[in-house]
Structure formats: C-alpha cells, structure tokens
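Colleague: Sequence and predicted structure, then a few things I'm wondering about:
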Amino acid sequence: MPTNTFANPKTFHDKTFFRFLSFLCGIALLSGRLAFSQSPEMSGNPLFEGWYADPEGIIIGDEYWIFPTFSAPYDQQLHLDAFSSKDLITWTKHERIISNKEISWLRRALWAPAIVQKDGRFYLFFGANDVHEGEIGGIGVAVADQPGGPYKDMLGKPLIGEIHNGAQPIDQFVFLDTDGQYYMIYGGWSHCNIAKLKDDFTGFIPFDDGTVFKEITPQGYVEGPIMFIRNGKYYFMWSEGGWGGPHYSVAYAIADSPMGPFNRIGKVLQQDPEVATGAGHHSVIHDKQADIWYAIYHRRPLGERDANHRVTCMDRMVFDEEGLIKPIQITHEGVERRTLTPSPTFTNPVVSSGQDPWVIRYNDAYYLCQSSRGRIRVNKSKRLQDLGVDQWKTVWRPQRDAPYSKEIWAPELHHLQGKWWIYVAADDGDNANHRMYVLEGSSEDPQDAFTLKGKINSPSDRWAIDGTVLTMPDGKSYFIWSGWEGTENVAQHLYIAPMSNPWTISGERVRISSPELPWELNGNPLINEGPQVLWNGDQLYLIYSASGSWGDDYCLGQLSWTGSDPMHPASWSKKPEAVFSRTKAVFGPGHGSFVKSRDGKEDWIVYHSAKHSGAGWNRQINMQRFGWDSAGAPVFGRPIAAGVPIPEPSGDSLP
C-alpha cells in the first residue's frame, strides 16, 4: 500500500504562521538574540495535509489511527485513505484503503468511516451513495487483516439500505458495551437509531420487543453520533447545524444505558472566530495508559468558503469533577507529543502440537492435561499463554496390553471432593472397545503420579469418549460424554448420567444431543463430542464439538440449560448455529476448555485447530479471550489466525 509521511509543522492552511515562526526562531537561536520558539513537541493543527472530514480515531497497538472522509464533491468521493502515527506528530498516509473497485454498489459519497478491531481482523463501516428513499446505498461493511487495508466489501450489498424511523443510513458508529454486545448507532436527517449487531457483523439482532431499529434522537441532533463509557456512564455526542456552514458544532448528553434517554446538556465543540469555523463531526480517543482524552474533528480554515475544504484536527477533551465535558478549545497548536507503550501480546499457537486441550487453574497456576505417546502428561505454567513452555511431567502410563493401554484420548484433570482425578478414554487397540476410565491422584500436586481407579460407565456399557463432570449448585454431580447408541459406529451422541461419587455413575444414561443440523453433519460417522461445562453466574451452557474432528469443518456448538432437571433432554436447548467455526485462516477449531485470567476478570477459551487445511489430526493448541452477550450467553467470535498479536490475559503483572 503506498504511504506518505507528514511531519509537523507543515506548510498548509492555518499552519503557515507556524512555519514562518519556526523560521524566525531558527534565525534567532543562531544569532543568540531571541530565546522564544514554538515547541517542537506539539502536533499542530491540522494533523496532516489534505481536505479530510468526519475523522474516526482509534488506538491500535502502539499507534494512533485516523480514518477520515475524503472531502470533495460527492461524485469524487470514491475512496478512503487512513493515517497512522506513533507519536501524534508524524503521520503516515495509507492511500486508498478501499474504493469503488472493492465496493460494487458504490456510486458516490463514500462517507464517515467507522473502524472496529475484532478477533484479529479490522472491520470498516461506511456510508455510500447519499441514499434517499428507493435508492440503492446506505451503510456497508468491509474487512481486512491489517488496519491499513486493503479492505474488501464483506457483504456485496448495504448492511442497512432502507430508511428507518426517518434516519438516513449514514454516519454509523459501532459501540461495544461492557457485556460484549456491539451496537450500531447511526443516522442523518436529524434522526438517530440504535441497533444490536450480530457478532459477525452481517446483520442485526432484534430487541426483546421484536424491533430492530430503535430511535434515540436527542434534542438538537443532526448527524455524526458517537458513544463511549466513562465511570459507568454512557456519553452520547453528536453534531448539530449544517455541515457546510460555520456553525456546525458538537453537543452531548449522559445516560445510564446505551438506550438513553439522552437529555441534551450543551455544546462542547464549535467554531472559534480566531482559529477556524465549522468544527464538528468528531470522534474520541481515550489513551488509557495516561487517562488522556482527545477529540478528533474536522474544521474549516479561516477564509475558506468551499464547503468541502475541511481539515482534520485534534485537541484535548477534559472532564470536570462532576464528569461533565468542559468546552473543547480548538487550537493551532494541537496536542503534545505522546507515544504509547506497546501492550504485551502473544500469538497462536501457544502449543505447537497438541489436541483436546484441558486447562484448569489451581493455586495461581495453570495445568494443561494432554495424552501423548501412550501416556498422560500435565504441564504447569504461571501464565496462561505459557501453556506450551516445557514443564511437563508424566503422571500415568497404562499397563502393557491392558484393555485401556491404547488410543488414550482427551484426558481431563478435575479437583473433586478434595482430590485430583483424571477422566480419560482408552481401549485395547480396537476403537469399538473405547470406554471411559478414572485415574486417582496421589497427592495435592496434580503433577504427581495417578493410579487407575477403574472404568466409569453406565449400565448399558456402550462405546464412550470425552467424559467430563458437571456439578450443579445443589451439589449433585453428573457425567457427560460422547457415545454410540448401539454397537455400530454410525453416529456419536451426547449423554448424561448421575454420579454417586467421582468414580461411579449411578444411573442409566440419557441422550441430550445428536448431530442433526447441517453444520454438525460434515464427515462420517456423524459426530457430537467433547462436551464442556461453561457457567456464567447461574446460567449453564454445554459447549461441544461437531462434525468430523479430522476435517476442516470441525466446530463448536452450544446447548443451553433451561433450569429444569438436567437429566431431562427437554432441559437442554440447542443453538441453531455453530458458535465457533473455521475461517479462511483457521481450520477445524474445536474441543475447547474454559479458564479465567489470573485476576479473574477475563474469560478465555483454549482449543485445538488443524495446522493447515486438510491437516487431519495434525493439530495445534490456541487460545483467545471471549465475552458474553446481553442475555449472558458466550460470544466466542472468530478463531484468531496464527501470528496475529493478541493482548495477553489480564493480571499477568500480579506477583
């Protein structure tokens, strides 16, 4: 991608004065007759050359990024550029990150980009065609692997192409709430809507009352909405007035919910007759490392009469003791030089070779349990991302030629009733004889030796693998596993049975899931396997793997407990769609386990994937953070590709 680098101060518009001043100061310093100079540590405004408006600012890694509109007559607005900086002083231009070549339905007026970084990818939302009733256009979304593009239109059509509640589909802002739900807030023509985005950004989720687009228009609203959270409060900001005139400005409101109500407090950004006019359509960057807030906005230099002659600027945004936003002073000087400390990251895979990962945290350490070369090993690490660092210890080897000496699969390490137990599938070399076995720990150290306690099976004694333990709030325990209905390898189902102790099933099994949906039917035999228990407060989910584990389409599904007897099949509701599945870069993601970060604030999934397309059972172990939607259900996102930097789990700085 072609780039250009701009260093301030620049010979452009209202910076001409500063160039001249710097020239005078240089002469004065050389002659020793003058001790005054402009600070070289200020960004200057505008930040970079060119007519640019509607800037969206974001911090990505240790860089500041700005995605603006190319400010020109509508018919010429057929591409977007982006700008990045390490220090707010020197900006690099990333030219034509997307254009009408990538957006087949774009005809004119490519406006107001919004950027979201999610699951290792970058999503660029945009308005196109200045759409009116009955016309083709509206809000679209594109995707790229790097913030500087190239971006590709994700849908091949508008995401929002119709007018709802009187709001023209332009000026979209994507807001991530604390519960993991993404909202789109958008609208022109003095109307503003909010809608809940699907996790993959391909559409919208209806609100509880069935509506998709809800109007939240505050008094004075015209366009350009943004939202952020500070100290638990929702700040809603928007632009007022005509964008082509001098009185364009920004106002705001504060509420307790993203749904409002939003009562206008007042203007915070507007023209200064001594500096510039038409200051508006802004975004906000929060430097969390220094708790500094910036307003990035466009304005029109003094003396300019062309409505499209707008430039991108940045100034500080400050709050008073009550949390109200103080009037933002627009300046020629801009903001001080500020570099960001890179956040620690890691990349997948965290274990170069492995499968069916089971991870448990105990006494401030993480333990990874794996089968390898006919034995079971347990690794110990202080940090979750160090699961692959070699501190392995072999904890169990089977007796030679025993019924459980071959094909040792998917061991799980559990701490129950004050002791360590391992549940593992094994056979005598004939897959038809696979059964579940229980190993008993010899001490409080899960890396010490385990001994065979016995086979754990229901009275029917059918083929069984991938067993796990569910303990309910009432203290009752259940064993859940993958098995055959009969004696033929036709399909694997999920079964549940009550337990009387950690090594005994005390009743007949009940089937709670079978492969039946299209995404569960890839491969032969048909497969549901790898059930894993996931709690969110009092909400219980069973995350399982579906389709052939040897194929690229291996994925994760979800059962939700309805609150009734877990032994009743009707107590489990299957989600119609897979919750974690392949991408163009990650194949066969499945058989995950779940664990908290060291400080307990983040939820992480550890799973395996194929090393490449068609790799079969040649697998690696990955991990990534996941969240929860507004209903409390897990949101796993997309598997993050190998080599993509991922922020380290929180709490790693703890002793």
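Modeller: That came through fine.

Colleague: where does residue 4 land on pLDDT?
Modeller: Per-residue pLDDT puts residue 4 at 49.

Colleague: same thing with residue 40?
Modeller: Note for residue 40: predicted pLDDT of 57.

Colleague: go on, residue 644?
Modeller: Predicted confidence (pLDDT) for residue 644: 88.

Colleague: before we move on, what SS does it have?
Modeller: coil (DSSP: H, G, I helix; E, B strand; the rest coil).

Colleague: Please name the spatially closest residue to residue 540 (chain neighbours excluded).
Modeller: Leaving aside its sequence neighbours, residue 540 sits nearest to residue 561 (Cβ to Cβ, 6 or more residues apart in numbering; 3.9 Å). Heads up, the C-betas are built off the backbone N, CA and C, glycines and all.

Colleague: Residues in a beta bridge with the one you found, which ones?
Modeller: residue 572 (DSSP bridges).

Colleague: packing partners for the helix or strand harbouring residue 84?
Modeller: In the assignment (DSSP states H and E), residue 84 maps to strand 79-85. Helices and strands touching strand 79-85, as assessed by 3 or more Cβ pairs under 8 Å, 6 or more residues apart in numbering; DSSP states H and E, comprise strand 63-70, strand 90-99.

Colleague: okay, these, which one's buried deepest?
Modeller: strand 63-70 (a mean of 24; mean count of other Cβ atoms under 10 Å).

Colleague: Give me the contact list for that one.
Modeller: Under the contact criterion Cβ atoms under 8 Å, 6 or more residues apart in numbering, strand 63-70 has outside partners 47, 50-59, 76-77, 79-86, 88, 91, 97, 110-115, 124, 147, 285, 296, 298, 312, 340.

Colleague: Name the strands paired with it and say parallel or antiparallel.
Modeller: Sheet pairing here is set by DSSP bridges, and for strand 63-70 it gives strand 52-60 (antiparallel), strand 79-85 (antiparallel).

Colleague: could I get those strands as CSV with mean pLDDT, mean neighbour count and distance to residue 547?
Modeller: Putting the strands paired with strand 63-70 into CSV (pLDDT from 0 to 100; neighbours: other Cβ atoms under 10 Å; distance: least, Cβ to Cβ, whole Å) gives the following:
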stretch, mean pLDDT, mean neighbour count, distance to residue 547
strand 52-60, 97, 23, 35
strand 79-85, 98, 23, 39
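
Colleague: Switch these over to JSON lines; also include distance to residue 267.
Modeller: As requested, the strands paired with strand 63-70 are exported to JSON lines (distance: least, Cβ to Cβ, whole Å):
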{"stretch": "strand 52-60", "distance to residue 267": "18"}
{"stretch": "strand 79-85", "distance to residue 267": "27"}
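
Colleague: sorry, back to before: can you state the direction angle for the strand holding residue 84 and strand 90-99?
Modeller: Taking axes from the mean of the first three to the mean of the last three Cα atoms, to 10 degrees, one finds strand 79-85 and strand 90-99 inclined to each other by 150 degrees.

Colleague: Distance to residue 172 and mean pLDDT added to the helices and strands packed on strand 79-85, as a markdown table?
Modeller: Shown next, in a markdown table, are the helices and strands packed on strand 79-85 (distance: least, Cβ to Cβ, whole Å; pLDDT from 0 to 100):
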| stretch | distance to residue 172 | mean pLDDT |
| --- | --- | --- |
| strand 63-70 | 12 | 98 |
| strand 90-99 | 15 | 98 |
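
Colleague: so which of those comes closest to residue 431?
Modeller: Proximity to residue 431 (Cβ to Cβ) singles out strand 90-99 among the helices and strands packed on strand 79-85, at 50.8 Å.

Colleague: Show me what secondary structure element comes after the closest one.
Modeller: Sequence-wise, the next helix or strand downstream of strand 90-99 (DSSP H and E) is strand 111-118.

Colleague: Direction included, what does that following strand pair against?
Modeller: Within its sheet, strand 111-118 is paired with strand 121-128 (antiparallel), according to DSSP bridges.

Colleague: I'd like to know which elements whatever helix or strand comes next after the strand it pairs with is packed against.
Modeller: Sequence-wise, the next helix or strand downstream of strand 121-128 (DSSP H and E) is strand 138-144. Contacting strand 138-144 under the criterion 3+ Cβ pairs under 8 Å, 6+ apart are the following elements: strand 121-128, strand 152-153.

Colleague: Centroid-nearest residue for the chain?
Modeller: Nearest to the mean C-alpha position of the chain, by Cα atoms, centre = their mean, lies residue 118 at 3.7 Å.

Colleague: wait, isn't it in contact with residue 637?
Modeller: Yes. The criterion here is Cβ atoms under 8 Å, and residue 118 meets it with residue 637 at 6.5 Å.

Colleague: Contacts only, for the closest residue in space to residue 313 that isn't next to it in sequence.
Modeller: Using Cβ to Cβ, 6+ apart and skipping the chain neighbours, the partner closest in space to residue 313 is residue 45 (4.0 Å). For residue 45, the contact set (Cβ under 8 Å, 6+ apart) comprises 14-15, 311, 313-315, 330-334.

Colleague: do residue 338 as well
Modeller: 87-88, 287, 290, 292.

Colleague: Mark which of those are buried, thanks.
Modeller: 87-88 (16 or more other Cβ atoms under 10 Å).

Colleague: Please identify which of the contacts of residue 338 is nearest to residue 250.
Modeller: Nearest to residue 250 out of the contacts of residue 338 is residue 292 (Cβ to Cβ; 18.6 Å).

Colleague: For the strand holding residue 84, which outside residues touch it?
Modeller: By Cβ under 8 Å, 6+ apart, the surrounding residues in contact with strand 79-85 are 47-48, 50, 52, 60, 63-70, 91-100, 110, 113, 124, 126, 147-149, 312.

Colleague: and with 6 Å instead?
Modeller: 48, 63-67, 91-99, 113, 148 (Cβ atoms under 6 Å, 6 or more residues apart in numbering).

Colleague: what's the closest of the helices and strands packed on strand 138-144 to residue 280?
Modeller: Residue 280 lies closest to strand 121-128 among those, at 16.1 Å (Cβ to Cβ).

Colleague: Report the mean confidence score over the closest one.
Modeller: The average pLDDT for strand 121-128 rounds to 97.

Colleague: average model confidence for stretch 226-235?
Modeller: For stretch 226-235, mean pLDDT is 96.

Colleague: How about the contacts made by residue 519?
Modeller: Contacts of residue 519 (Cβ under 6 Å, 6+ apart): residue 578.

Colleague: State whether it is indeed within a helix.
Modeller: Yes. According to three-state DSSP, the state of residue 519 is that of a helix.
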